[in-house]
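Asks: sequence unknown, structure follows:
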């Protein structure tokens, strides 16, 4: 909540979409509750995983006095709709800050306290692979790295004319009012391109965006959900995003909208 120009965070909600993450979910929840955050809630949005992910999460919920919230949907409905449902649920819990992250430890929980602290100054904090100091897993092939770098740094940024360097980053922290003011009924992307559409709206609406460097580790256990149809959607949807949100304008802020990275912060 804003207070005398500063932001005091009382409740943090972490939204985690899952599908077949039974090998990761227990360890992730334990790692999150080990963070130095007093009023932390976890929202799991599971697409009816056949491996029992939701059952594991529910069993853990019984041990944590209402701090784990498990939403089970009827089948695979997509990453974007999972985040939209999770964000809405987090706001209903009274979250002051909402963090989105993957369940497979590609996003290390250790960055979350830093991201939350930076919300004192910024509206959105992005865990970025492509700012100074950011890295990706050494197991990535040069071709995979090149495609990811080109998609983020050249293709998507050129079309959408944005300053954010890691457009497809799925590790973000938001102030509450950001999620309240984005019209998610107009966010149509449902695969990983959902990350791009939200990043585009955050910057176009004039929110203060800050990127911090992270080490992006490949999933330790389980299979990637990044299918060929999802990649095709990502390539084609960028143009639609620009057209669909062409009339979006900055909203009023008490501070001028800014973009910065950890290596060059703007006042």
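Replies: Arrived safely, thanks for sending. Quantities reported herein were computed from a predicted structural model and do not represent experimental measurements.
Asks: Next, residue 94: secondary structure please.
Replies: coil (DSSP: H, G, I helix; E, B strand; the rest coil).
Asks: what does residue 260 give?
Replies: strand.
Asks: again, but for residue 127
Replies: Here residue 127 is strand, with the state taken from three-state DSSP.
Asks: What about it, how many residues nearby?
Replies: Neighbours of residue 127 under the rule other Cβ atoms under 10 Å: 28. Where you see a C-beta, it was placed from the backbone N, CA and C, and this is true even at glycine.
Asks: Ok, residue 155 next?
Replies: Residues near residue 155, counting by other Cβ under 10 Å, number 15.
Asks: Okay, and the nearest residue to it once chain neighbours are set aside sits in which element?
Replies: Leaving aside its sequence neighbours, residue 155 sits nearest to residue 238 (Cβ to Cβ, 6 or more residues apart in numbering; 7.2 Å). Using DSSP states H and E, residue 238 falls within helix 228-244.
Asks: Point out where the chain drops to low pLDDT.
Replies: The chain contains residues with pLDDT under 70 at 1-8, 219-235, 252-258, 263-267.
Asks: those strands in it, which residues are they?
Replies: 2-3, 6-7, 12-18, 40-46, 68-72, 97-100, 124-128, 135-136, 172-175, 209-213, 215-216, 259-261 (DSSP state E).
Asks: Make a markdown table from the ones you listed and add distance to residue 242 to it.
Replies: As requested, these are exported to a markdown table (distance: least, Cβ to Cβ, whole Å):
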| stretch | distance to residue 242 |
| --- | --- |
| strand 2-3 | 31 |
| strand 6-7 | 31 |
| strand 12-18 | 25 |
| strand 40-46 | 28 |
| strand 68-72 | 31 |
| strand 97-100 | 23 |
| strand 124-128 | 19 |
| strand 135-136 | 27 |
| strand 172-175 | 20 |
| strand 209-213 | 18 |
| strand 215-216 | 26 |
| strand 259-261 | 18 |
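Asks: Surely residue 73 touches residue 84?
Replies: No: with contact defined as Cβ atoms under 8 Å, residue 73 does not count as touching residue 84 (11.5 Å).
Asks: neighbour-wise, which of those two wins?
Replies: Under the criterion of other Cβ under 10 Å, the comparison of residue 73 against residue 84 puts residue 84 first, with 21 against 17.
Asks: residue ranges of the helices in this structure, please?
Replies: 25-33, 53-61, 79-92, 112-118, 142-149, 157-160, 176-181, 193-204, 228-244 (DSSP state H).
Asks: Which of the ones you listed sits closest to residue 47?
Replies: Residue 47 lies closest to helix 79-92 among the helices of the chain, at 6.9 Å (Cβ to Cβ).
Asks: Quick check: buried residues in that closest one?
Replies: 79-87, 89-90 (16 or more other Cβ atoms under 10 Å).
Asks: Over to stretch 99-114?
Replies: 99-107, 109, 111-112.
Asks: Can you give me the end-to-end span of that stretch?
Replies: Using Cα to Cα, to the nearest Å, the span of stretch 99-114 from its first residue to its last is 12 Å.
Asks: Show residues contacting it.
Replies: 12-18, 21, 24-25, 27-28, 31-32, 34-37, 83, 86-87, 115-116, 127, 170-174, 212, 214-222 (Cβ atoms under 8 Å, 6 or more residues apart in numbering).
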